[in-house]
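1. Kindly generate the corresponding structure for this input.
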Amino acid sequence: MDSTKKDPVSRSPASQNATKELLPHLPNGHQVILSDLGHATDFWHYEPSAAALLLTAFYDTGRVDTSRYTHHAVSFATPVTQTAIAKYLLATMIGFAALAALSLLWVARRVRKHGDAGRKTSFATRTVVPLVLGLGGWFGAALIAATLWPALSLTSELLGILAPSGPIALGLYLACTHRGWDRAAKSLGLLAASAGALLGGWFGFTVTSGLFALVTTTIGAAAAGNLALIAVSLWRERSARGPGNDSVRNLRRSARSRQPRTSRGAPWRRPPRLGSRPVTPTSHDPRGQAAVTEPPGSS
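-> As a prediction, this is how the structure comes out:
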């Protein structure tokens, strides 16, 4: 027994192939054509009682009974069309790209207005916002590449590393910069954030493949960029306390060494005034404690 259908897509129905190639080798076989049905899945799920009667009747009596089958009308209407899916995907990509751009503009505005990003804004920009920047950067670059360079693959290494790492590096730099820094300090911070983000993005991109590589690239770029900025901050603090400030420390030490000392090594202080009575300079007893001597007749 062969149960098949007419293929609505192919020009040569599958039933014809079964008639010409399969039935000649089955002397007791019967061909059953269920039109407008699929293959195994439709046969078992469309009218199961009809399929059970067809099989049991054939195996019991050798008779083919298709009386319970009804005609199945093919419907090409779907709850969600491919056009709607494409529109939803496009809206998501544009939304993430716009959100990433607005995040960068918001942090840049705070730096310009207040001098720096602030503690809370800086913490959020260096921990949570990089996820938005990475996805938004890649979505925006993918739309531009698909429009201007159709031959460029969206899974290419160049697009997968540069697109998320660039916005992340800029966001990390804005989160740690200060308006009062000189040009050299700002350039060093931007260079460190860019180098760290690119290196971390490359490492995250090569760890895995597929769409999940975008997530690992974003995480790697954010982590390495933060580490690079922390290293630069520590280096600048150490340089500020370096040999260039030894002269200031030496002057302070020499000023403290020139102060008069008591017999016990403590710095000398002017004795307090006791009313209007004159007080003679302090003298020291053999035990090393200071004693106050009053002039004769004062008692």
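2. check contacts around residue 201.
-> Residue 201 makes contact with 161, 162, 164, 165, 168, 217, 218, 220, 221, 224, according to CB atoms under 8 Å, 6 or more residues apart in numbering. For every residue, glycine as well, the C-beta is placed using N, CA and C.
3. Distance of the residue nearest the centre of the chain relative to residue 137?
-> The residue lying closest to the centre of the chain (CA atoms, centre = their mean) is residue 131, at 3.1 Å. According to CB to CB, to the nearest Å, residue 131 and residue 137 sit 11 Å apart.
4. And for residue 95?
-> Residue 95 sits 13 Å away from residue 137, going by CB to CB.
5. more neighbours, these two?
-> Just comparing residue 95 and residue 137: by other CB atoms under 10 Å the higher neighbour count belongs to residue 137, 29 against 12.
6. Might one say that the more buried one is in contact with residue 159?
-> No: Residue 137 lies out of contact with residue 159 (CB atoms under 8 Å); the separation is 10.2 Å.
7. just to revisit the earlier point, now pLDDT, distance to residue 89 and secondary structure too, for the contacts of residue 201, in CSV please.
-> Formatted as CSV, the contacts of residue 201 follow (pLDDT from 0 to 100; distance: CB to CB, whole Å; DSSP: H, G, I helix; E, B strand; the rest coil):
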residue, pLDDT, distance to residue 89, secondary structure
161, 94, 23, helix
162, 94, 22, helix
164, 94, 18, helix
165, 95, 23, helix
168, 96, 23, helix
217, 95, 20, helix
218, 94, 19, helix
220, 95, 25, helix
221, 95, 24, helix
224, 95, 30, helix
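8. Looking at the residues you listed, which one is closest to residue 121?
-> The shortest approach to residue 121 among these belongs to residue 168, at 15.8 Å (CB to CB).
9. That closest one contacts residue 196, doesn't it?
-> No: in this structure, residue 168 is not within contact of residue 196 by CB under 8 Å, at 9.6 Å.
10. Show me which of these two is the more surrounded one.
-> Applying other CB under 10 Å to residue 168 and residue 196 shows that residue 168 carries more neighbours, namely 35 against 27.
11. And that one, how far from residue 241?
-> Per CB to CB, residue 168 is found 31 Å from residue 241.
12. Secondary structure element holding the residue nearest to residue 44 when sequence neighbours are not counted?
-> Sequence neighbours aside, residue 51 is the residue nearest to residue 44 in space, at 6.5 Å (criterion: CB to CB, 6 or more residues apart in numbering). Under the criterion of DSSP states H and E, residue 51 resides in helix 48-61.
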